[in-house]
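heads up, no residue letters with this:
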């Protein structure tokens, strides 16, 4: 999207504002579809990345499914028109109410604890389930998003495999799939395959499998020159390896991936207005009309978002700390070279389509931003109105 188009959008809808490019989302899905050659493969979008109904509708029309982590996400996916057969529920420490909801809706369930396995045997013994296994592999760019290592809360440790096999043989435990997800922003195919090999080593011990779910974690590029996962290379490696596995297993299982960030991250832009510039201690601060309540990734993960001055793109490069309006140290960027920023300028944060609005909050009683969709036909659509203080207060009870 060009600078003028984005500035025009802010003139109509104000800031702070999230803007998503529908065509970029479609293009990312096409890259996935053409990179993996294994025939029986389905992509289930990790909707925690961005759960706006308009985005989900676009993805549904691309023929992919969704991966959900809560009852709320399952309800949202159903509201977006996904058939239950295209929805997967992969929670951690889910309540029994959520488990029952998934089963009653006909949604594929993945359990990640022996406690839930035992519960299923007692309460839903005829319901097939998937198992989320913990491969004990450290993978990904951030410690907080490395979720497949030995001390992570996620998944069932491989040491429980003998007990699971006993339950299958002696109690009739119905396991129809195995799942892993080891982390986010995994750059190298070798690191991704490390966890895959752990799973494929134990999978032949499980009879009557229907699918293998390898999660996701594909890395995107955050700034010019930053490396991304070579999806085409990874796709060929995984497809070849999985085909050989299925030959050994004796059945052509379905292969599943759960990409989220890869599909929507680069399609998103976060637009803010500079509210002031000042200097303290030799640092020039550019303050904006937002904070970590709207975009927490830089503070929570140390994530990098390229920041552009749309109002003054040809201005002299100066060094800024770009900060928010929250009553804490909410720094979006430190020591960053950006075209001269003036009060009133519109700044653009790139890579704001994933885990940005979906992690927002009304902290400091500052309402959440609006969301706008730049459609593939060139039209612009408001897909979430700006939250108001009345929305924030609506659920409170006046004593």
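Now that the structure is in, tell me what you want to look at. For clarity, every value in this text was computed on a predicted model and none was experimentally measured.

Could you say which helix or strand holds the residue nearest to residue 328 when sequence neighbours are not counted?
Nearest residue to residue 328, sequence neighbours excluded (Cβ to Cβ, 6 or more residues apart in numbering): residue 292, at 7.5 Å. C-beta here means a position set from N, CA and C on the backbone, and glycine is covered the same way. Following DSSP states H and E, there is no helix or strand that holds residue 292.

Renumber starting at 26 from here on
With the count now opening at 26, the last piece we talked about shows up as residue 317.

Residue 317 contacts residue 355, doesn't it?
Yes: counting by Cβ atoms under 8 Å, residue 317 does reach residue 355; the two are 4.1 Å apart.

Can you pull the residues that touch both of those two?
324, 349 (Cβ atoms under 8 Å, 6 or more residues apart in numbering).

the helices in this protein, which residues?
Assigned by DSSP state H, the helices in the chain fall at 28-38, 47-60, 78-86, 96-104, 121-130, 139-148, 186-196, 214-227, 256-274, 286-289, 322-325, 414-418.

Could you say which one of those helices comes nearest to residue 395?
Closest approach to residue 395 among the helices of the chain is made by helix 28-38 (5.5 Å; Cβ to Cβ).

Using the record's domain definitions, break this protein down for me.
28-43+290-416, 47-286 (automatic domain parsing).

Sheet partners, orientation included, of the strand ranked longest in the chain?
Counting by DSSP state E, the longest strand found in the chain is strand 293-305. Partners of strand 293-305 in the sheet, by DSSP bridges, are strand 42-46 (antiparallel), strand 308-313 (antiparallel), strand 371-374 (antiparallel).

ok, and for it, which residues are buried?
293-300, 302 (16 or more other Cβ atoms under 10 Å).

Compare the helices of the chain and report which one is nearest to residue 384.
helix 322-325 (7.3 Å).

I'd like the average pLDDT over the closest one.
The pLDDT scores in helix 322-325 average 94.

I'd like the distance between the residue nearest the centre of the chain and residue 209.
Centroid check for the chain by Cα atoms, centre = their mean gives residue 74 as the closest residue, at 3.0 Å. Per Cβ to Cβ, to the nearest Å, residue 74 is found 10 Å from residue 209.

Skipping adjacent residues, who's closest to residue 42 in space?
Per Cβ to Cβ, 6+ apart, closest to residue 42 is residue 296, 4.6 Å.

didn't that neighbour look like it was pressed against residue 35?
Yes: between residue 296 and residue 35 there is a contact under Cβ under 8 Å: 5.3 Å.

okay, and the common contacts of the two?
42, 371.

Now do the residue nearest to residue 353, the pLDDT please.
At residue 317, pLDDT is 97.

Kindly report the same for residue 26.
Note on residue 26: pLDDT of 51.

OK, contacts around the residue nearest to residue 359 when sequence neighbours are not counted?
In this structure, residue 359 finds its nearest non-sequential neighbour in residue 346, 5.1 Å apart by Cβ to Cβ, 6+ apart. Residues near residue 346 by Cβ under 8 Å, 6+ apart: 308-311, 356, 358-361.

which of those residues has the most neighbours?
Using other Cβ atoms under 10 Å as the neighbour test, those are led by residue 311, with 27 neighbours.

That residue and residue 293, how far apart?
21 Å.

if I pick the residue nearest to residue 319 when sequence neighbours are not counted, what's in contact with it?
In this structure, residue 319 finds its nearest non-sequential neighbour in residue 385, 5.0 Å apart by Cβ to Cβ, 6+ apart. By Cβ under 8 Å, 6+ apart, the contact set of residue 385 is 318-321, 393-394.

most packed of the helices of the chain?
Among those, the stretch with the highest mean neighbour count (mean count of other Cβ atoms under 10 Å) is helix 286-289, at a mean of 28.

now the stretch 176-325 of the chain, which segments are flagged as low pLDDT?
Where the stretch 176-325 of the chain drops to pLDDT under 70, the residues are 176-177.

could you redo the last one with a cut-off of 80?
176-178, 207-209 (pLDDT under 80).

returning to that earlier point: specify which member of the buried residues of strand 293-305 is nearest to residue 370.
The closest of the buried residues of strand 293-305, once distances to residue 370 are taken by Cβ to Cβ, is residue 299, at 4.6 Å.

before we move on, back to that, how about the contacts of residue 385, which pair is most distant?
Counting by Cβ to Cβ, the most remote pair of the contacts of residue 385 is 321 and 394, 13.0 Å apart.

So the two - more neighbours on which side?
Between residue 321 and residue 394, residue 394 has the larger neighbour count (other Cβ under 10 Å), namely 28 against 18.

what about the closest residue to that one other than its chain neighbours, neighbour count?
When the adjacent residues along the chain are set aside, residue 394 lies closest to residue 41, with 4.3 Å between them (Cβ to Cβ, 6+ apart). Using other Cβ under 10 Å, residue 41 has 27 neighbouring residues.

For residue 41, what are phi and psi?
The phi/psi pair for residue 41 (degrees, to the nearest 10) reads phi -70, psi 150.
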